[in-house]
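J.: Kindly generate the corresponding structure for this input.
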Amino acid sequence: MEKKTEQPQTIDAYISMQPENIRPLLEYVRRVIRNAAPQATETISYRIPTFRLNGNLVHFGASKNHIGFYPTPSGIKAFSKELSPYATSKGAVQFPLDQPVPLDLIGRIVRFRVNENLKKNKET
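T.: Predicted coordinates for the structure are as follows:
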């Protein structure tokens, strides 16, 4: 029988479940996102911390060797040159744990996404 692990219901719970060495990094990322998108709401979606503002804004989470940041495909595309040193996919970027997390870049991507989501809301 497979053991079920408890799923976090809040970002605080998610962070508290992570290894001690990763928690401060997640708190820094959370603070940067919060500062760049103060009107966004926090939730858990896809089992990871999520910020919402007129829909999904960004997600982030911890993995064994990296911090995952998920700013949607448009966020990856708009910052592709600056994200080129990192492993990326259509909607995700991996920031290795053995390198400084580019908090300034995360903040700029979040502000881009805020503008994108607010503009999308005005068009509908």
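J.: What is the longest strand of this protein by residue count?
T.: Longest strand in the chain by number of residues (criterion: DSSP state E): strand 56-62.
J.: what about that strand, average pLDDT?
T.: Computed over strand 56-62, the mean pLDDT rounds to 97.
J.: Buried ones in the longest helix belonging to the chain, by neighbour count?
T.: Longest helix in the chain by number of residues (criterion: DSSP state H): helix 103-123. Using 16 or more other Cβ atoms under 10 Å as the test for burial, helix 103-123 gives L103, L105, I106, G107, R108, I109, V110, F112, R113, V114, E116, N117. Every C-beta, even on glycine, is put in place using the N, C-alpha and C of the backbone.
J.: same question, stretch 37-44
T.: A37, A40, I44.
J.: ok, now stretch 50-69?
T.: Of all the residues in stretch 50-69, those buried under the rule 16+ other Cβ under 10 Å are 50-54, 56-62, 66-69.
J.: among the helices and strands of this structure, which has the poorest mean pLDDT?
T.: Every helix and strand of the chain was ranked by mean pLDDT, DSSP states H and E. The lowest is helix 103-123, at a mean of 91.
J.: now it against strand 56-62, angle please.
T.: Taking axes from the mean of the first three to the mean of the last three Cα atoms, to 10 degrees, helix 103-123 and strand 56-62 form an angle of 150 degrees between their directions.
J.: other SSEs contacting helix 103-123?
T.: Identification of packing neighbours for helix 103-123 by 3 or more Cβ pairs under 8 Å, 6 or more residues apart in numbering; DSSP states H and E yields helix 23-36, strand 56-62, helix 72-78.
J.: list the contacts for the residue nearest the centre of the chain?
T.: Among the residues of the chain, the one closest to the centroid is F60, at 2.8 Å (Cα atoms, centre = their mean). For F60, the contact set (Cβ atoms under 8 Å, 6 or more residues apart in numbering) comprises L26, V29, R30, I33, I48, P49, I67, G68, F69, Y70.
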